[in-house]
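**Q** got a predicted structure plus its sequence, pasted below:
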Amino acid sequence: MTTATFGGQVIAESDETIIVEGNHYFPPASVNHEFLSEHDRTSVCSWKGTANYYTVTVDGESADAAGWYYAEPMDKAANIVNYVAFYPAVTVTA
């Protein structure tokens, strides 16, 4: 089971993550969106497409743009559409 935690709170948990470039991407249904809010940051990957970001907030503590996902990935990354990955501010353990 792979788990993502922040501030002692489980943000996501799944035994079906997809690892891409060393990052665990969590299926959308395994992510607790109660702790996520849309961030205005975007970035572009040459083969995955445009990433959108989430700020993670638990008990008043926030990590800006600490999670990301691809709402409309390029064909080569279609398997991770809306899957969420996290930066090191969120602890991911497998």
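**A** Yep, that arrived.

**Q** straight-line length of stretch 62-77, end to end?
**A** Using CA to CA, to the nearest Å, the gap from the first to the last residue of stretch 62-77 comes to 29 Å.

**Q** mean confidence for that stretch?
**A** Averaged over stretch 62-77, pLDDT sits at 98.

**Q** can you give me how far that stretch is from the chain middle?
**A** Average the C-alpha atoms of stretch 62-77, do the same for its chain, and the two points are 6 Å apart (CA atoms, centre = their mean, to the nearest Å).

**Q** before we move on, what about stretch 1-16?
**A** Between the mean C-alpha location of stretch 1-16 and the chain-wide mean there is a distance of 11 Å, by CA atoms, centre = their mean.

**Q** can you check stretch 24-35 too?
**A** 7 Å.

**Q** can you list contacts of that stretch?
**A** 2, 4, 6, 9-14, 16-19, 56-58, 69, 80, 82-86, 92, 94 (CB atoms under 8 Å, 6 or more residues apart in numbering). (Each C-beta comes from the backbone N, C-alpha and C, glycine too.)
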